[in-house]
Each structure stands twice: as structure tokens, then as C-alpha cells.
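Peer 1: I would like the atomic coordinates for the input below:
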Amino acid sequence: MTAPLRLRLDTEALTGNWRALARMSGRAACGAAVKADGYGLGAPGVATRLAEAGCRDVFVSNWAEAEALAPLGLTVSVLHGVRDEDLPLALSGIARPVLSTPAQVARWQAAGGGACDVMVDTGMNRLGLSPDDLAALAGLEIHTLMSHLACADEDVAMNARQLAAFAALAGRTSARRMSLANSAGIALGAEYAFDLTRPGLALYGGIPRGELSDTIRQVVTPEAQILQRRRVRAGETVGYNATWTAAVDTDVAIINLGYADGYFRGFSDKGSAGQGTCPVIGRVSMDLVALDVTATSLAEGDWVALDYALPAAAALSGMSQYELLTGLGGRFARQWG
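Peer 2: The predicted model follows:
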């Protein structure tokens with residue numbers, strides 16, 4: 001059955017974004033964060049296309065996500081490490097755990113685990129071992145030592161502090177590679193690349209720093225089908241709480257889309273479709289959005305594309321670019337072109 005809403009996904013934009021970030025990574029290998037179901041676009045589809053473009057290292061959050069990618073034969077790292085419950089799957093070798101706590105290190109050692117990655121905290125105070133814990137890693141087969149930048153999308157002194165703290169760890173473990181930079185980190189400069197970069201947001205069309213604005217292309221466009229076109233007379237209202245009143249007779253299209261699909265209420269009276277020709281009017285509701293289509297010939301059954309360039313959509317809605325991507329719901333059919 002055909003869904004009444006879909007995501008139009010641009011393969012050339014996705015792979016072109018990865019290639020651009022790989023060039024910016026210099027001598028470092030360029031991986032890809034495909035956690036959160038490929039940032040909402042569908043992890044298997046994303047990972048398959050990135051692999052065809054040359055990507056070899058992908059990063060997910062948990063072992064269920066790793067298992068979904070196992071048939072693709074990629075090098076997968078599980079960023080949230082390994083719990084007791086994860087050990088049977090982790091020991092099967094489908095992915096490497098990124099160990100981030102002393103308990104995880106001890107668990108992996110006691111289980112006789114093989115290759116792993118290690119996360120070290122350099123100031124974010126989220127996941128990661130303290131540099132003082134590195135002595136406990138003796139004997140582990142560490143593939144990649146990594147840390148994570150807290151403020152790479154801003155020009156702040158913390159970036160340089162984290163860079164220096166991470167660079168100071170070189171040679172202190174048996175790790176083959178070091179990795180620090182996310183999408184924004186790649187744009188900070190070559191010294192942040194080390195041996196492997198881990199872009200996420202920018203792969204999918206997000207712009208975390210201005211340096212990427214002329215490089216990164218939009219990947220995803222939500223499209224929805226019109227359920228009804230109606231004439232709303234001057235003085236009448238549209239939607240919940242009657243927040244929009246027609247100043248003149250207006251043609252309104254109701255589309256099959258709402259906040260349950262990740263088109264959030266922040267777009268109420270602010271969003272648009274059809275390259276600006278169809279403003280969103282009234283409140284976005286759970287499953288429905290109203291558009292002013294007076295300037296168009298759109299009719300019941302037609303499809304309309306939402307304006308969803310991520311930086312602009314984030315500014316309009318008050319949501320982050322990450323939320324706009326990962327919030328895209330399961331009711332969308334995902335169509336790659």
C-alpha cells in the first residue's frame with residue numbers, strides 16, 4: 001500500500017556530502033555516523049550508499065542498530081559500549097564496542113573480547129574514560145581511540161583545549177588510530193582530523209558551521225498528499241484554537257502530515273511548501289497541516305513538497321537541525337533517487 005506521505009532522498013547529495021567531507025578530512029579516513037536510523041533517513045539505505053561511495057567506518061549508538069547493519073559488511077563501532085546484556089552479540093564480532101567506562105573495560109577484558117574502540121573524555125563530561133583510567137587498558141586490542149568535541153559549532157576556546165588534551169594522549173595506548181572530529185570539527189581545520197573523522201549532521205544536509213554552507217547539499221525533502229482543498233471565507237478560522245483567520249477568501253489544502261511525523265508545531269504559521277508558494281496556516285496538528293494554496297492549482301490527491309532546508313527550517317521552527325532530521329517518523333515512505 002502506498003503511504004500518503006514520503007521522504008524524497010537524494011543519493012547524489014548524500015554521497016557528494018560525504019566526498020566533500022572526506023576531502024576536507026585530508027589524510028584522515030572519513031567515516032559516518034548512521035545512528036538514530038541514519039539520522040531518520042533509514043540506516044541500511046544510508047550505509048549502503050555511503051559504502052558504495054567509499055566509506056568504510058560507520059558509527060551507531062547501540063547493538064540493535066549494529067545488528068541491523070550486519071549484512072552490509074561494514075566496519076561498525078557501537079558508541080554506547082557494551083552492557084552485560086550485549087555481550088553475546090558483541091562477542092559475535094559484528095561490530096566493535098566503544099568502551100567508555102572502567103566497568104565496560106573490565107567487562108570486555110573478562111569476557112575475552114577482541115578488537116574494541118575506546119572513548120576518552122576531554123572535557124564534555126558525557127561518555128568517556130578519564131585520561132587517568134588509560135592504564136587499565138593494557139592488553140586490550142584497541143583499534144580507535146576517540147573523544148568528542150562539545151562546542152565545535154561555536155568559536156570558543158574549549159575547542160583548542162579539547163584538541164590539546166586529545167593530542168596529548170598520542171602514544172599512551174595501543175590504539176592504531178585517533179579520532180576527534182564530527183561534522184563541525186572537520187570544518188575547524190586539519191589539526192582536528194587526526195586519523196579518522198566521524199561526520200553525522202553534515203552528511204544529511206545539516207550546516208553546523210558557516211564554512212560548510214557552500215559545500216553541503218540538501219538530502220531530504222518531505223512530501224505529503226493533499227487530502228482536501230476547500231475555500232475558507234474571509235473572517236473564518238482554520239485549525240485548533242482558531243489561531244488563523246482568513247483576511248480574504250482563501251483556498252486551503254489539508255495535507256497528510258503532522259507533528260506525529262516530525263513536522264513540529266513550531267512550523268505553525270511559519271512553515272511553507274512548494275518553494276514558498278504555500279504558507280502553513282494555523283496550528284500544525286498531529287496528522288494534518290493546512291496550507292494556503294490560493295496561488296496554485298493544487299488539488300485533492302496531488303503531492304506537495306515541504307520547504308525543509310535544514311538551517312532555515314531550524315530557524316523557523318525553533319528546533320535544532322538534528323531534531324528535524326531524527327524526528328522524521330516511521331509513517332513516511334522513504335524513496336531514494
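Peer 1: What about Pro97, how many residues nearby?
Peer 2: 28 (other C-beta atoms under 10 Å). C-betas here are computed from N, CA, C, even on glycine.
Peer 1: For the protein, which strand extends over the most residues?
Peer 2: For the chain, the longest strand by residue count, based on DSSP state E, is strand 220-232.
Peer 1: residues of that one that come out buried?
Peer 2: 220-226, 229, 232 (16 or more other C-beta atoms under 10 Å).
Peer 1: Out of these, which comes closest to Met146?
Peer 2: Within the buried residues of strand 220-232, the smallest distance to Met146 is 27.2 Å, found for Val220 (C-beta to C-beta).
Peer 1: List the beta-bridge partners for the closest one.
Peer 2: Taking DSSP bridges, one finds Leu9 as the beta-bridge partners of Val220.
Peer 1: go on, the one 10 residues further on?
Peer 2: Arg230 has the following beta-bridge partners by DSSP bridges: Val252.
Peer 1: Now for it: which residues touch it?
Peer 2: Arg230 sits next to 251-252, 254 when contact means C-beta atoms under 8 Å, 6 or more residues apart in numbering.
Peer 1: where does this structure dip in pLDDT?
Peer 2: Applying pLDDT under 70 to the chain picks out no residues at all.
Peer 1: rerun at 90
Peer 2: Counting by pLDDT under 90, the chain has low-confidence residues at 1-3, 73.
Peer 1: biggest helix in it by residues?
Peer 2: Using DSSP state H to define each element, the chain has its longest helix at helix 11-24.
Peer 1: how big is the angle separating that helix from strand 220-232?
Peer 2: Interaxial angle of helix 11-24 relative to strand 220-232 (axes from the mean of the first three to the mean of the last three C-alpha atoms, to 10 degrees): 140 degrees.
Peer 1: from the chain's centre, how far out does helix 11-24 sit?
Peer 2: 15 Å (C-alpha atoms, centre = their mean, to the nearest Å).
Peer 1: picking that back up, of all the buried residues of strand 220-232, which comes closest to Gly329?
Peer 2: Looking across the buried residues of strand 220-232 and measuring by C-beta to C-beta, the closest to Gly329 is Pro222, at 9.9 Å.
Peer 1: how about the helices of the stretch 101-250 of the chain, start to end?
Peer 2: According to DSSP state H, counting those that start in this stretch, the stretch 101-250 of the chain carries its helices in the segments 102-110, 157-167, 183-188.
Peer 1: okay if I get those helices as a markdown table plus distance to Arg126 and mean neighbour count?
Peer 2: As requested, the helices of the stretch 101-250 of the chain are exported to a markdown table (distance: least, C-beta to C-beta, whole Å; neighbours: other C-beta atoms under 10 Å):
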| stretch | distance to Arg126 | mean neighbour count |
| --- | --- | --- |
| helix 102-110 | 14 | 17 |
| helix 157-167 | 12 | 16 |
| helix 183-188 | 15 | 25 |
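Peer 1: Mind putting these into TSV with distance to Asp10?
Peer 2: Converted to TSV, those look like this (distance: least, C-beta to C-beta, whole Å):
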stretch	distance to Asp10
helix 102-110	38
helix 157-167	31
helix 183-188	18
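Peer 1: closest to Met286 out of those?
Peer 2: Per C-beta to C-beta, nearest to Met286 of the helices of the stretch 101-250 of the chain: helix 183-188, 31.7 Å.
Peer 1: Outside of the closest one itself, list whatever touches it.
Peer 2: Helix 183-188 has contacts (C-beta under 8 Å, 6+ apart) with 21, 24-25, 149, 152-153, 159, 181, 192-193, 197, 199-203, 206, 208-209, 211-212.
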